[in-house]
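1. show me the folded form of this:
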Amino acid sequence: MESTPLQQTIDLVKKAQRVLVCLPRVLSTDAVAAGVALHAALSKQGKQVRVVATDITLPATHAFLPKTGDISSELNSLRKFVITVDTAKAPVAELSYDVVGDKLNIFLTPKHGAYESKDVQLAPMPPSYDCVITLDCQDYDDLGRLFEENADFFYATPVINIDHSPANQHFGQVNLVDLVATSVCEMMYDILKTLDERLITEDVATALLAGIIAKTKSFQTATVTPKALTVASALMAVGARRDEIIRNLFQTKSLAVMKLWGRALARLRVSDDGRLVWAVLNRADFERAGANPDSLPGILDELMVNTPDASIMAVVYEDPAGGVTVLVQTHRTIHAGKLFAQQQPTSMGHVVSWHVDGTIADAETKLMLALESLPKVSAS
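-> Modelled structure (predicted):
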């Protein structure tokens, strides 16, 4: 009888001693929380775990999550090569090296005899990790530079793809894709509970609950299920610090951010069919609010909760640095990176952005054109 993706995931993780956890280049609270929870849990089992992401710049509101300081953006250790020298006929007496320009020179002095070219071999070392776990990624493109610079490694190492998006491309050797789950953190709870329930400590439970709360906008989205509520209850029973989560994620907005949000929400625009909702901001709005574009992603979350029939939420704004920027978030069934591929967005998945060397009206026109290519289905 063929094992389920969950059981395949458990089997691989049990066998692995070195685990690489990869987060999407567009970081979500859900992905970060699931990643650090997995790190904390598997480290408790004595495994070597590393969490990586293309962009490791996290909001200050995420500092309460455990092990966020351990997230790295570098994978240089994946590229190790070994130079093997057959010393059977010529034992080594001395080894040294120097670098001249772009050349590395390695000097071997034999005790006796001599080396020939056939005695020297160059080969890549075995993979540095036993398995890779990707979180909240629809395809390899969502990993950004991590995949682009290390494609051979990802193709040579077992990949466990954990996601809950219908847009997932099932790119892993194991694809744990649960379309009913509200979040990756909800799925991570099942994984850790099956692996060893004792791994879910107070810190791990707090991280997982934070991801669920963030993804469901504090259980306000239409995707909330009875199971999500049951998992949240179980995490709180273990000791998840709900008050700490709410305080950090929802009660730390500055007056400047609230002013900017107010200006954006006062200028909401809706397409004729209601599938596109967007706000417009000019440079004066940022100046009067005393805020900057870093405050904008939260507006998309508010639009997602309050306009459940919309498929695309966007903010079109005059960038203080010049030009116009479009920030878009799509419904979970839509891959924004592919929908807006012609704009060459700087991020992928469900949240994308791109720069326009033109006016706000030019950017709005491109938004409407993308809407025309979207199938007319309900987002609910």
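
2. what about the stretch 251-380 of the chain, any weak spots by pLDDT?
-> 251-254, 295, 297, 305, 308, 347-349, 373-380 (pLDDT under 70).

3. tell me where it has strands.
-> With strands called from DSSP state E, counting those that start in this stretch, the stretch 251-380 of the chain shows them at 268-270, 276-281, 312-318, 324-330, 351-356.

4. each with direction, which strands does the second one pair with?
-> The one in question is strand 276-281. The strands that strand 276-281 pairs with in its sheet are strand 268-270 (antiparallel), strand 312-318 (parallel) (by DSSP bridges).

5. contacts for the shortest one next, please.
-> Just to be clear, that refers to strand 268-270. With CB atoms under 8 Å, 6 or more residues apart in numbering as the test, strand 268-270 has contacts from 276-280, 303, 310, 364. Heads up, the C-betas are built off the backbone N, CA and C, glycines and all.

6. for those residues, which one is nearest Ser353?
-> Closest approach to Ser353 among these (CB to CB): Trp278, at 13.0 Å.

7. now the helices for the stretch 51-200 of the chain?
-> For the stretch 51-200 of the chain, helices defined by DSSP state H, counting those that start in this stretch occupy the ranges 145-148, 151-156, 184-196.

8. with just CA atoms, put the first one into CSV.
-> Read it as helix 145-148. Extracted C-alpha coordinates of helix 145-148, given in CSV (Å, rounded to 0.1, in the frame of the first residue of the first chain):
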residue,chain,number,x,y,z
ARG,A,145,18.3,33.5,-5.8
LEU,A,146,18.5,30.4,-3.6
PHE,A,147,17.4,28.2,-6.5
GLU,A,148,18.9,30.2,-9.3
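
9. how about that helix: buried residues?
-> 146-147 (16 or more other CB atoms under 10 Å).

10. what separates it from the chain centre, distance-wise?
-> 12 Å (CA atoms, centre = their mean, to the nearest Å).

11. try the last one
-> Here helix 184-196 is found 18 Å from its chain centre; the criterion is CA atoms, centre = their mean.

12. report the mean per-residue pLDDT for the helix or strand just after that helix.
-> Using DSSP states H and E, the next helix or strand after helix 184-196 towards the C-terminus is helix 202-215. The average pLDDT within helix 202-215 is 95.

13. between helix 202-215 and helix 184-196, how many degrees?
-> With axes from the mean of the first three to the mean of the last three CA atoms, to 10 degrees defining the directions, helix 202-215 sits at 150 degrees from helix 184-196.

14. list the buried residues of helix 202-215.
-> Counting neighbours by 16+ other CB under 10 Å, the buried set in helix 202-215 is 203-215.
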